[in-house]
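# Need a 3D model of the sequence below.
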Amino acid sequence: MFSSAKPYIYHINACKLIAIYAVIAPVNSHEISLSHLTKQEIANLSKRKTGALRKEQNRYMNNHQKQHNLYVTETIDFNQEHYKRNRKPIELLPQSVNQEKYILSLIDRDLDIVVVSGPAGTGKTYLAMLAAIKSLRNGDCDKIILTRPAVAVDDEKHGFLPGDLNSKMEPWVRPLLDVLKEYYSMKELVHMLNEQIIEITPLAFCRGRNFKKAWVILDEAQNATPSQLKMLMTRICEGSKIVITGDIEQTDRRTADNGLLDLTSKLKESPVYGIGVCEFQTKDIRRHRIIEHVLNLYS
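Numbers count the residues shown, from 1 in each chain. The predicted structure is shown next:
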């Protein structure tokens with residue numbers, strides 16, 4: 001079929017010669033292939049190409065670009081301007097006087113441990129999580145550690161939970177994870193959990209550890225024993241902050257075993273420099289107005 005074709009000689013890289021026949025009749029795209037050419041050689045070809053050559057070159061370039069994009073999108077870089085620009089801003093805005101005191105304690109660098117107690121709906125856990133995320137974004141800490149006592153409500157039995165440690169602890173720290181989902185996508189959260197930028201751990205597993213440049217949030221501390229709180233607070237290292245939250249009225253332990261009640265009583269009698277204590281009242285409830293009436297109903 002090339003007997004009537006006129007050969008055109010193209011110079012490539014000044015040292016290679018390639019003969020390409022421009023066929024007067026229509027040419028099947030499968031009969032001409034540029035797979036043996038490099039990317040530079042294809043780019044250096046003359047603009048005078050047949051339709052088959054142009055189609056082959058476009059296919060090669062598109063496939064190469066798709067492979068490059070696939071490689072890039074599978075990697076999350078939290079330092080990229082795209083993530084910084086599209087992140088939801090974090091605002092620690094108090095809605096009561098006690099919330100203002102609590103926020104000032106959370107951002108105070110002289111306070112290494114913050115203990116807060118109060119009824120449900122006052123923002124104890126939510127504000128602690130916001131301060132932790134803000135600290136992580138600003139580079140003040142390297143990780144956020146979420147923990148709470150694995151104590152069921154009123155001896156409710158759940159049996160053995162399936163999965164790894166994160167899956168087993170997820171039901172216990174669900175309120176903390178819900179706050180994270182407001183500021184990170186599921187893909188980002190999975191990446192942060194895998195890299196242990198966010199760590200979920202049972203309170204008992206904190207024994208013997210050293211928390212360096214980390215925000216540690218202990219939720220539902222009223223269900224921890226005094227010895228457990230003592231263990232947790234002695235794990236702190238430089239650059240870390242521990243926030244202990246709970247509601248004494250919602251304890252599932254007896255008064256003698258209530259670690260939060262024991263700790264707040266000790267701090268009232270003997271204040272410690274570096275440990276801040278905040279206390280909320282029913283007037284500080286902001287989640288929903290009906291919560292205050294429900295609490296009064298059961299008081």
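
# Enumerate every residue touching residue 144.
132-133, 136, 197-199, 214-215, 217 (Cβ atoms under 8 Å, 6 or more residues apart in numbering). For the C-beta atoms, the positions are set from N, CA and C on the backbone; glycine is no exception.

# Neighbour-wise, give me the winner out of these.
residue 132 (28 neighbours; other Cβ atoms under 10 Å).

# Distance-wise, check it relative to residue 199.
For residue 132, the distance to residue 199 equals 12 Å [Cβ to Cβ, to the nearest Å].

# try residue 258
Distance of residue 258 to residue 199, given as Cβ to Cβ: 26 Å.

# Same question for residue 213.
From residue 213 across to residue 199, the span is 13 Å (Cβ to Cβ).

# What of residue 106?
According to Cβ to Cβ, residue 106 stands 20 Å off from residue 199.

# Using CSV, write down the CA coordinates of the host helix or strand of residue 193.
Here residue 193 sits within helix 186-194, counting by DSSP states H and E. The C-alpha coordinates for helix 186-194 follow below in CSV (Å, rounded to 0.1, in the frame of the first residue of the first chain):
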residue,chain,number,x,y,z
MET,A,186,-13.2,10.8,55.7
LYS,A,187,-10.1,10.3,53.5
GLU,A,188,-8.1,12.7,55.6
LEU,A,189,-9.3,11.1,58.8
VAL,A,190,-8.3,7.6,57.6
HIS,A,191,-4.9,8.9,56.6
MET,A,192,-4.4,10.7,60.0
LEU,A,193,-5.5,7.6,61.9
ASN,A,194,-3.2,5.3,59.9
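
# mind listing what's buried in that helix?
Residues of helix 186-194 classed as buried: 188-189, 191-193 (neighbour count, 16 or more other Cβ atoms under 10 Å).

# per-residue confidence averaged over that helix?
Helix 186-194 carries an average pLDDT of 89.

# Remind me what the helix or strand just after it packs against, helices and strands.
Using DSSP H and E, the helix or strand that follows helix 186-194 towards the C-terminus is strand 198-200. Strand 198-200 makes packing contacts with strand 143-147, helix 165-169, helix 186-194 when contacts are defined by 3 or more Cβ pairs under 8 Å, 6 or more residues apart in numbering; DSSP states H and E.

# Let me have those in JSON lines, extended by distance to residue 175.
As requested, those are exported to JSON lines (distance: least, Cβ to Cβ, whole Å):
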{"stretch": "strand 143-147", "distance to residue 175": "10"}
{"stretch": "helix 165-169", "distance to residue 175": "13"}
{"stretch": "helix 186-194", "distance to residue 175": "15"}
